[in-house]
Structures are given as structure tokens and as C-alpha cells.
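Colleague: when you get a sec, could you give me coordinates for this:
(3 chains)
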Amino acid sequence: MKDTRPVPTLAPPINAWFHANARDLPWRRDGFSAWGTLVSEFMLQQTPVNRVIPKLEAWLERWPTPAALASVPASEAVRAWATLGYPRRALWLHAAAVQIDERHGGEVPDDVDELLALTGVGDYTARAVAAFAYGHRHPVVDTNTRRVIARAVAGQAEPAPPSRTRDLEAMEALLPDDRGEAAAFNAAIMELGAVVCAAKSPRCDVCPIRNVCAWRAAGYPAYDGPRKAMQKKYEGSDRQVRGLIMAELRSTHRPVTDAEVVSLWSDAAQRDRALAGLLADGLAVPAPSGGYLLPG
DNA sequence: CATACGTGGTG
DNA sequence: TCACCAAGTAT
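Modeller: Predicted coordinates for the structure are as follows:
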């Protein structure tokens, strides 16, 4: 059957650029495990590369396999996660390790649907593991990919709000047929978005596709779509209170008492919301003797 | 589909 | 100083 997909003109120059300019990152080393890829992708969800690298290396040294992580209580995962942020990810990664142990004989699955069934694994992570760890030909779409496509293909400064179907189709249309080239391109376009086609100060002077970029051709029009929701201030937020309580829970193996929680934040209503949220999320559990502990 | 969810770096 | 950003997911 004739292939009617658009010719992927972006992949060759981006892959060539990637081959020559890719950063030397742990998850790009030869022999890096599928488990390592899964752990790295969990950590990279909303946390910058430079903060992830040392935590990832320590994590894999301590827990080199899913079974190793599954064999310790979730509390140890949360402690090791430390200040990476969004500590639910540590809980989810621990749960995923248990599921991999139980359902997949301790081997990280290579099937997108099986990956999606793991706790904390969504569209991006499932496809990233299938493509990067196993070389499968799937479109992988993250925030960098969406920005590069918005600029180079659609000629817009910023992408439209995420749409799973549209985003996957747009990436599929650019993806090379060859499995190896496709896997490389998934990583290459993300890298281009991260270090050249950056959100703030794009370095168009060194961009390998500046000559075919629709945004450049259109004269770099400013973003005119709907304003993205402003990120709320962290200082004084419920998130900050949760963070304070989590830091206290991580700092000890003894129960954190109600009095200690009170000492962390003066506003009672906010304190109660934060604590209730942590209990609901399973990041804290009531201790039999009173007070609160990390789970497991 | 909008919102909650941590933490730290940057211009 | 402060708004924005950083390889998302679950609800």
C-alpha cells in the first residue's frame, strides 16, 4: 500500500544536528536499562534535567531493578526522592515497581498499553519508555516537541493547548519510517526544543532547521492565543504547607505529632487542608500511637 | 477540560 | 522582586 503520510523533511536535519550535539546524559549511555529509563522519566516529569541527574544516579545505585525498589517500603522511596518535588511521583514509582514485579516478572514492559496501566505512567512516559528503552516506533510528545512543531510547522510562537490526538498525529506525520531513525527523532526534537528552540530565548542563529521554519518565515509573529493560566504563587500556598509537612515527615522515622505540625504553619485551616490532602494522597498515614508517618 | 500538585533557577 | 519555566499525571 502507498504511504500517504507527508514527507518528514524535518527529521533528517534534526537527527543530524542531534548526532553531533546531543548532551551527554545518563539515560543516553550505552546499556542504560529500561528500568533506568522509566525512573528517569518519572523524575523528569516537571523537574529540570540538572536537578534530576544526581538523584537518578543515587536511586539506580540503590535500586538497580524494579524488584529492588518493590522490596522496600514506600517510605524509603519518598525519603530518597527528597526535594525533587511532587512527591506523589515517588509513591507512584514505587507502586509501578511493585506492579512490574507482580505482573511482568520484574521486567519493565515494552508495550504502550501495559506501560499505561502502571501507576503514574501517562501518555508521555509510556511512549518514551517504549521508544527510548525498546526502540519501538511510537510518536513521543512532550512540551518541547509541541513547541518545536508549533513553531517550525504551524508558524506559531507557542503551541495550542495540549490535545492528545492532535499532538500524536502531528508528531506521527513527521516520524521517519525507520525504527531507529524514529526513536532518534523523538529524542532529537525534544533536545532541540530544550536547548535551541527554547520557550524563552530561542537560539535561532544555531538552529538546524531555521531555513525551513514556518515561524521564522512568517517573521516571528507573537503568540496571539488565549492566555495560559497564571501559575499561583508558591509562598503562602497550600503547596508550601504540604512541602513543609513532607520535609518534617522525611526528617525522622518517628511519628510527627500534631503539635509539630501546628508549629510548622500558623493558619489552622490551611494546615488542615494540607494534612488532609497528604493523607488522602497516601503520602502520610496516621501512626498507631498518634501523629503521622510516611506510608509503608 | 481546568486544576492541583513541589521546588529551584532565571532574566 | 516576581513572573515564568521545567522530559506530566490524575481527577
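Colleague: quick check: phi and psi at residue A:256.
Modeller: When read as degrees, to the nearest 10, the backbone of residue A:256 gives phi -90, psi 120.
Colleague: just list whatever residues bridge to it.
Modeller: In this structure, residue A:256 bridges to residue A:292 when assessed by DSSP bridges.
Colleague: ok, it - contacts?
Modeller: By CB atoms under 8 Å, 6 or more residues apart in numbering, the contact set of residue A:256 is A:245, A:248, A:249, A:291, A:292, A:293. No exception for glycine: its C-beta is placed from N, CA and C like everyone else's.
Colleague: got the residues of the stretch 101-250 of chain A near DNA strand C?
Modeller: Taking CB under 7 Å from any atom of the strand, the part of the stretch 101-250 of chain A that reaches DNA strand C is made up of A:119-126, A:128, A:142-144, A:187, A:190-191, A:193-194, A:198-200, A:228, A:230-231, A:233.
Colleague: list buried residues within the residues you listed.
Modeller: Neighbour-count burial (16 or more other CB atoms under 10 Å) applied to these gives A:120-121, A:123-126, A:128, A:142, A:144, A:187, A:190-191, A:193-194.
Colleague: separation between whichever residue of the stretch 151-296 of chain A sits closest to DNA strand C and residue A:228?
Modeller: Taking CB to the nearest atom of the strand as the measure, the stretch 151-296 of chain A has residue A:199 as its residue closest to DNA strand C, at 3.2 Å. Here the distance between residue A:199 and residue A:228 works out to 11 Å (CB to CB, to the nearest Å).
Colleague: which parts of chain A sit against DNA strand B?
Modeller: A:46-48, A:51, A:83-88, A:161, A:163, A:200-201, A:229, A:232, A:234, A:237-240, A:242-244, A:246-247, A:277.
Colleague: need the contacts of residue A:256 in TSV with pLDDT, distance to residue A:151 and neighbour count, can you?
Modeller: As requested, the contacts of residue A:256 are exported to TSV (pLDDT from 0 to 100; distance: CB to CB, whole Å; neighbours: other CB atoms under 10 Å):
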residue	pLDDT	distance to residue A:151	neighbour count
A:245	98	41	23
A:248	98	44	17
A:249	98	43	26
A:291	98	52	17
A:292	98	47	21
A:293	98	48	18
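Colleague: residues contacting the residue of chain A found nearest DNA strand C?
Modeller: With CB to the nearest atom of the strand as the measure, residue A:122 is the residue of chain A nearest to DNA strand C, at 2.6 Å. Residues in contact with residue A:122 (CB under 8 Å, 6+ apart) are residue A:116.
Colleague: wasn't residue A:274 part of a strand?
Modeller: No. Going by DSSP: H, G, I helix; E, B strand; the rest coil, the assignment for residue A:274 is helix, not a strand.
Colleague: please identify the helix or strand for the residue nearest to it when sequence neighbours are not counted.
Modeller: The shortest distance from residue A:274 to any non-neighbouring residue, by CB to CB, 6 or more residues apart in numbering, is to residue A:241 (3.8 Å). Assigned by DSSP states H and E, residue A:241 belongs to helix A:238-250.
Colleague: the next helix-or-strand element following that helix - what's its average pLDDT?
Modeller: The helix or strand immediately downstream of helix A:238-250 is helix A:258-264, counting by DSSP H and E. Average pLDDT, helix A:258-264: 98.
Colleague: now for whichever strand or helix holds residue A:165, which elements pack on it?
Modeller: The secondary structure element spanning residue A:165 is helix A:164-174 (assigned by DSSP H and E). On a contact count with 3 or more CB pairs under 8 Å, 6 or more residues apart in numbering; DSSP states H and E, helix A:164-174 meets helix A:143-152, helix A:179-195.
Colleague: which helices and strands sit right next to the last one?
Modeller: In terms of contact count using 3+ CB pairs under 8 Å, 6+ apart, helix A:179-195 is assigned the packing partners helix A:11-21, helix A:143-152, helix A:164-174.
Colleague: try it again with 7 Å
Modeller: Taking 3 or more CB pairs under 7 Å, 6 or more residues apart in numbering; DSSP states H and E as contact, the helices and strands that helix A:179-195 lies on are helix A:11-21, helix A:143-152.
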